[in-house]
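Student: show me how the following folds:
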Amino acid sequence: MYKVKVFVTLRESVLDPQGNAVKHSLHSMNYNEVSDVRIGKYLELSIEKSECPVEEVVKEMCERLLANVVIEDYRFEIEEAVAQ
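Tutor: Here you go, the predicted model:
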């Protein structure tokens, strides 16, 4: 069993209106030290071991469903879960 953490963010070249709204809200609350906000997604997956390498499976899932690769970047971390 693997525990996979997937981080999806907008590419730097893509405007982030939600991030801008949060930044403006933080500034209105006097958190003026915040210079930029980018909104993204965080997902945790539990994946059973299979014949296919887990890296390939996760990459395929990200590119087919979890991230819009036209405007988003993704990265993931895989850890082997300890059986209980």
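Student: quick check: L66 touching Y74?
Tutor: Yes: using C-beta atoms under 8 Å, L66 makes contact with Y74 at a distance of 6.8 Å. All C-beta spots, glycine's among them, are computed from the backbone N, C-alpha and C.
Student: the host helix or strand of V6 packs against which elements?
Tutor: Using DSSP states H and E, V6 maps to strand 2-10. Here strand 2-10 touches strand 40-47, helix 54-61, strand 72-80, going by 3 or more C-beta pairs under 8 Å, 6 or more residues apart in numbering; DSSP states H and E.
Student: would you list these in CSV and tack on distance to V4, mean pLDDT and mean neighbour count?
Tutor: Output for the helices and strands packed on strand 2-10, formatted as CSV (distance: least, C-beta to C-beta, whole Å; pLDDT from 0 to 100; neighbours: other C-beta atoms under 10 Å):
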stretch, distance to V4, mean pLDDT, mean neighbour count
strand 40-47, 4, 97, 12
helix 54-61, 5, 97, 15
strand 72-80, 5, 97, 14
